[in-house]
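[1] What follows is a predicted protein model with its sequence.
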Amino acid sequence: LKKGHIPERTCILCRKKTSKWELFRLCVKDGKVVLDKKQTLGGRGAYLCEKCIKEFKKKLNNKKVRSKLFYALRIKGPVEVDF
Ligand SMILES: [Zn+2]
């Protein structure tokens, strides 16, 4: 498989690197962090793998997890998470 044809992104939690189509994209819309299912929303995105997204909402009260999300999206908390 040649590199460069499929855009790769890194999961913000486990740092796994894979095709962006295998990851879930989060971005900020109307002041809320939402799941960008079609990966069409503009702005910065934060990517999570399937394994991590299941745990993600539970882990949101963890300061480290939150700061990873905020860093990836270049936002400053607190922000509402809506997905
Ligand atoms: Zn992950």
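    The structure has been received and is ready for your questions.
[2] contacts and neighbour counts: CA atoms only from here.
    Noted.
[3] Indicate each strand paired with the longest strand along the chain and its parallel or antiparallel sense.
    With DSSP state E applied, the strand covering the greatest number of residues in the chain is identified as strand 24-29. Here strand 24-29 has these sheet partners by DSSP bridges: strand 32-35 (antiparallel), strand 45-48 (antiparallel).
[4] list the buried ones in the first one?
    When you say that, I think you mean strand 32-35. Within strand 32-35, the residues that count as buried by 16 or more other Cα atoms under 10 Å are 33-35.
[5] show me what contacts R74?
    R44 (Cα atoms under 8 Å, 6 or more residues apart in numbering).
[6] State the distance from it to V28.
    Here the criterion is Cα to Cα, to the nearest Å. By it, R74 lies 10 Å from V28.
[7] what is in contact with these two at once?
    R44.
[8] helices or strands up against the helix or strand bottoming out on mean pLDDT in the chain?
    Lowest on mean pLDDT, DSSP states H and E among the helices and strands of the chain sits strand 80-82, with a mean of 84. Applying 3 or more Cα pairs under 8 Å, 6 or more residues apart in numbering; DSSP states H and E, one finds that strand 80-82 contacts strand 32-35.
[9] And the contacts of the strand it packs on?
    24-28, 79-83.
[10] what about 7 Å?
    When contacts are defined by Cα atoms under 7 Å, 6 or more residues apart in numbering, strand 32-35 is touched by residues 25-28, 79-83.
[11] quick revisit: could the buried residues of strand 32-35 go into TSV alongside pLDDT and distance to the ion?
    Below are the buried residues of strand 32-35 laid out as TSV (pLDDT from 0 to 100; distance: Cα to the ion, whole Å):
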residue	pLDDT	distance to the ion
V33	93	18
V34	94	17
L35	95	15
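[12] and of these, the nearest to E50?
    In terms of Cα to Cα, no member of these lies closer to E50 than L35, at 12.5 Å.
[13] Spatially nearest residue to that closest one (excluding sequence neighbours)?
    Nearest residue to L35, sequence neighbours excluded (Cα to Cα, 6 or more residues apart in numbering): L26, at 4.6 Å.
[14] Isn't the one you found up against R44?
    No. Using Cα atoms under 7 Å, L26 is not in contact with R44, being 8.5 Å away.
[15] Many thanks, I have nothing further to ask.
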